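>>> next comes the sequence, and after it the predicted model I'd like to discuss.
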Amino acid sequence: MLRTFLSVDMVGSTLFKARYNGEGSHGWLETFRTFFTNFPLMFAGQIGFEFLDNEDSTPAFDVWKVMGDEVIFVIEPGTAEELTSVLCALLRTMKLFEQRHFQELPLRLKGTAWIADFNGHNIELDIPELSASESARHVDYIGPDIDLGFRLSKYARPASLTLSFDVVDILLGATNADSIALYLVGREPLKGVMFERPYPIIWMRQADEEFDFLPWEIEQCGMMAAAIAAQPTPRAALQGAITDMRHYLRKMHGIIRPAFRIEGHG
């Protein structure tokens with residue numbers, strides 16, 4: 001069984017909390033309460049909009065964790081096309097939320113998406129002590145694929161999604177792949193992940209939108225500066241980066257990491 005994890009995190013939240021440590025609606029508490037309350041509702045609305053013409057296939061999602069300044073969703077799209085649509089809905093939600101709630105605040109949102117395989121490589125745990133009832137289970141997820149996502153999120157930036165190469169591999173086979181643009185912006189070692197071989201950092205935006213980076217963000221981040229000046233990375237280059245990682249794992253460590261396939265894909 002495959003599950004897709006979607007992380008949305010606030011950028012600039014630590015400084016914001018220190019600077020706006022007031023009482024009531026004028027402090028940071030109300031801003032965070034609004035994010036954790038309203039963002040999931042807005043995301044649900046955008047998913048509904050994305051699947052308006054085919055409501056029967058609308059994938060359900062759950063909030064898995066709320067950690068500090070971050071909310072993490074878990075979802076099980078049934079096809080590569082559904083996964084593409086879900087990611088587009090997430091990007092739109094991030095943009096709309098910023099426009100509605102962060103216009104006068106020094107905050108932005110960044111996102112990460114990755115996939116975990118629960119057919120042996122990772123495990124799902126019921127935690128009865130944290131369950132509200134027998135029908136409302138508290139589930140936790142543990143394993144190397146989960147670790148990968150948390151490490152990868154370090155390279156997420158505003159106005160885009162950072163994707164694991166497993167996600168990218170699936171998106172490249174989607175019939176609606178032309179609705180997104182993908183950028184290979186570098187390679188970085190992820191602590192404790194894949195023997196710390198530099199991992200491809202791939203960003204996604206919607207094909208009909210530009211990267212909405214702010215001038216000072218571009219000045220401070222070489223990856224952002226390179227991405228805004230570049231064209232989307234060709235499909236062959238993306239596939240080559242993915243193939244290289246899988247070849248390295250097989251050749252150097254005897255690990256076969258096949259491509260993930262969700263129902264209806266491939």
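The structure has been received and is ready for your questions. Numbering: from 1, shown residues only.
>>> output the below-cut-off pLDDT ranges for this protein.
Residue ranges of the chain with pLDDT under 70: 22-27, 55-56, 128-137, 263-266.
>>> let's see 50
24-25, 264-266 (pLDDT under 50).
>>> what about the strands in it?
Assigned by DSSP state E, the chain shows strands spanning 2-11, 61-67, 70-75, 108-117, 123-126, 139-142, 161-163, 180-188, 199-206.
>>> which residues in the stretch 101-250 of the chain form helices?
144-152, 165-171, 215-220, 222-229, 235-253 (DSSP state H, counting those that start in this stretch).
>>> can you redo these as JSON lines with mean neighbour count and distance to D178?
C-beta coordinates here come from the backbone N, C-alpha and C atoms, glycine included. Below are these laid out as JSON lines (neighbours: other CB atoms under 10 Å; distance: least, CB to CB, whole Å):
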{"stretch": "helix 144-152", "mean neighbour count": "20", "distance to D178": "25"}
{"stretch": "helix 165-171", "mean neighbour count": "24", "distance to D178": "11"}
{"stretch": "helix 215-220", "mean neighbour count": "12", "distance to D178": "27"}
{"stretch": "helix 222-229", "mean neighbour count": "15", "distance to D178": "19"}
{"stretch": "helix 235-253", "mean neighbour count": "14", "distance to D178": "11"}
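>>> now render those helices as JSON lines, adding distance to P200.
Listed next are these as JSON lines, based on distance: least, CB to CB, whole Å:
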{"stretch": "helix 144-152", "distance to P200": "10"}
{"stretch": "helix 165-171", "distance to P200": "6"}
{"stretch": "helix 215-220", "distance to P200": "21"}
{"stretch": "helix 222-229", "distance to P200": "12"}
{"stretch": "helix 235-253", "distance to P200": "4"}
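>>> out of these, flag the one nearest R108.
helix 215-220 (8.1 Å; CB to CB).
>>> for that closest one, C-alpha coordinates in CSV please.
The C-alpha trace of helix 215-220 is given here as CSV (Å, rounded to 0.1, in the frame of the first residue of the first chain):
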residue,chain,number,x,y,z
PRO,A,215,13.3,39.7,-4.5
TRP,A,216,15.1,39.2,-1.2
GLU,A,217,14.3,35.5,-1.3
ILE,A,218,16.1,35.2,-4.7
GLU,A,219,19.0,37.2,-3.4
GLN,A,220,19.5,34.9,-0.4
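>>> what about the closest residue in space to R250 that isn't next to it in sequence, how many residues nearby?
Residue nearest to R250 in three dimensions, not counting chain neighbours: I256, with 5.6 Å by CB to CB, 6 or more residues apart in numbering. Per other CB atoms under 10 Å, the neighbour tally for I256 reads 8.
>>> and I256, what are its phi and psi?
phi -100, psi 120 (degrees, to the nearest 10).
>>> quick one on the thing from earlier: quick one, which of the helices of the stretch 101-250 of the chain gets closest to H121.
With CB to CB as the measure, helix 144-152 is the member of the helices of the stretch 101-250 of the chain nearest H121 (6.3 Å).
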